[in-house]
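In: here is a sequence with its predicted model. Questions after.
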Amino acid sequence: MGIEYLMAQEVKEMAEALIPKEHPHLAKATIVYLFRKGDWKSKGATVYGCAEKAPEKWRHISNCDFVITINFDVWNGSLENIRKALLDHELTHCIEVIDNEGFAKWAIQPHVIEDFPSIIRKHGLWTEGLRAMVDAHEAYKQGTLFSAKSTGTEG
C-alpha cells in the first residue's frame with residue numbers, strides 16, 4: 001500500500017482547543033494538520049507524528065507556518081488521552097524564536113530525550129520508548145542498592 005495524505009480535521013479541532021491553554025505562542029501561527037496513511041517507520045520504530053516548519057515556497061503558496069502530520073493508524077488505534085499527548089507533543093516542537101536582527105521567526109524545537117518534560121508531566125509515560133527508559137532507570141536504581149555485591153557481569 002502506498003502513502004496517502006489526508007486533511008486531519010479532528011486533529012485541527014483538538015489543536016484549536018489545546019493551543020490557547022498549552023501553546024498560546026502558536027495562536028498567530030497557521031498550521032496545517034494532515035494524516036499520513038501507510039506504513040511509517042524510522043529506524044525500525046513506528047513514527048507517531050511529525051512537526052515541520054513549512055519551507056518558504058510552501059509559505060508563499062499557502063501562508064502555512066507549520067505542518068503537523070499524524071500517523072493515521074496510531075491516531076485511530078489510540079484513546080483520547082494518547083491522541084492529546086501525541087498532538088501536544090507535536091505542537092511542542094513548534095516555537096517562535098527571535099533572530100539576530102530582532103525579528104520573530106518560526107522554528108522547530110528538537111527533543112530533549114525523545115520527548116519533553118512538560119508532556120511527561122501532563123500525560124505520563126505515553127510511548128513505549130518512555131516506559132522502557134523508566135524501566136531501565138528502575139533497574140539501575142535496584143542495582144545500586146546492591147552495588148557492593150555487584151560483580152559487573154549482570155545483564
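Out: Noted; the coordinates are in hand.

In: what segments of this protein are strands?
Out: Ranges of strands in the chain, per DSSP state E, are 4-7, 31-37, 41-42, 45-46, 49-53, 66-71, 94-98, 104-108.

In: residues near residue 107, how many?
Out: By the measure other Cβ atoms under 10 Å, the count of residues near residue 107 is 14. (C-beta placed from N, C-alpha, C; glycine too.)

In: relative to residue 124, how far out is the closest residue to it other than its chain neighbours?
Out: Excluding the flanking residues, the one nearest residue 107 by Cβ to Cβ, 6 or more residues apart in numbering is residue 97, at 4.8 Å. Separation of residue 97 from residue 124 (Cβ to Cβ, to the nearest Å) stands at 29 Å.

In: and for residue 79?
Out: For residue 79, the distance to residue 124 - Cβ to Cβ - is 13 Å.

In: between these two, who's got more neighbours?
Out: Applying other Cβ under 10 Å to residue 79 and residue 124 shows that residue 124 carries more neighbours, namely 12 against 8.

In: contacting residues for the more buried one?
Out: Under the criterion of Cβ atoms under 8 Å, 6 or more residues apart in numbering, residue 124 has no neighbours.
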